[in-house]
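Chemist: Need a 3D model of the following:
(2 chains)
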Amino acid sequence: DQQVKQNSPSLSVQEGRISILNCDYTNSMFDYFLWYKKYPAEGPTFLISISSIKDKNEDGRFTVFLNKSAKHLSLHIVPSQPGDSAVYFCAASAGNKLVFGAGTILRVKS
Amino acid sequence: DAGVTQSPTHLIKTRGQQVTLRCSPKSGHDTVSWYQQALGQGPQFIFQYYEEEERQRGNFPDRFSGHQFPNYSSELNVNALLLGDSALYLCASSTFTFGLAWAQYFGPGTRLTVT
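Modeler: This is a model prediction of the structure:
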């Protein structure tokens, strides 16, 4: 059962514009949500997290929004930069283990 | 401040063999989790170690086992390797203190190829 889903395999955005990556989940018991960025041949790098009791968290160019009623979260990157091109994983915490989506490839064109 | 380190970087094994992967957590972290990432998929949770004990386990067979040492480093052992075990194996560290075991930082991974 896929409890965390990233339905867009890829996204292409122009440099300077907003990138919006989406994630849906089914388990209402998840208590934290995280976004990771992954370059080829490297491990996932932690970007930003949000507690299930919040609806927004912001860190520089990155903002995560959580809509609990829709069981949906999104990551906004503004402005997008070519160095942001990577695979982005959404993850949810259930009893200290992380459940990951399949990832979205973001390409930022200059 | 050294981050999470893993060894070896790459490994090629034959079906039926056994393999041991190693992980050193980030300084100040006491909890180690292991994940398997197959091509085109997200990481899948294998198990988590804290205080030298397996605290949680994902949906993996008993061929996958682990160990945590007093210095918090950890090993992942896989016995009777199958072709389907070929994947990137990721180690993540965190701290159980203050309920932060979910805030996991990943190492670069070990790429295992089974032929």
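Chemist: can you list the residues of chain A near chain B?
Modeler: Residues of chain A lying close to chain B by Cβ under 8 Å from any Cβ of the partner chain are A:4, A:6, A:31-32, A:34, A:36, A:41-46, A:49, A:89, A:91, A:93, A:95-103. Every C-beta, even on glycine, is put in place using the N, C-alpha and C of the backbone.
Chemist: List buried members of these by neighbour count.
Modeler: Listed as buried from the residues of chain A next to chain B are A:4, A:6, A:32, A:34, A:36, A:43-44, A:49, A:89, A:91, A:93, A:96-103; burial here means 16 or more other Cβ atoms under 10 Å in any protein chain shown.
Chemist: quick one, what contacts whichever residue of chain B sits closest to chain A?
Modeler: Of all residues in chain B, B:G42 sits closest to chain A, at 3.2 Å by Cβ to the nearest Cβ. Each residue near B:G42 by Cβ atoms under 8 Å, 6 or more residues apart in numbering or on different chains is listed here: A:4, A:6, A:89, A:91, A:100-103.
Chemist: between the residues you listed, which is closest to chain B?
Modeler: Nearest to chain B among these, with distances taken as Cβ to the nearest Cβ, is A:F100, at 3.2 Å.
Chemist: ok, what's across the strand from the closest one?
Modeler: Note on A:F100: beta-bridge partners A:A91, judged by DSSP bridges.
Chemist: still on that earlier bit, and of the contacts of B:G42, the nearest to B:V19?
Modeler: The closest of those to B:V19 turns out to be A:F100 (Cβ to Cβ; 22.8 Å).
Chemist: B:A38 is in contact with the closest one, correct?
Modeler: No. Using Cβ atoms under 8 Å, A:F100 is not in contact with B:A38, being 11.5 Å away.
Chemist: Overlap of the contact sets of these two?
Modeler: In contact with both A:F100 and B:A38: B:Q44, using Cβ under 8 Å, 6+ apart.
Chemist: can you list the residues of chain B near chain A?
Modeler: Checking chain B against chain A by Cβ under 8 Å from any Cβ, the hits are B:4, B:6, B:31, B:33, B:35, B:40-45, B:48, B:55-56, B:58, B:90, B:92, B:94, B:101-109.
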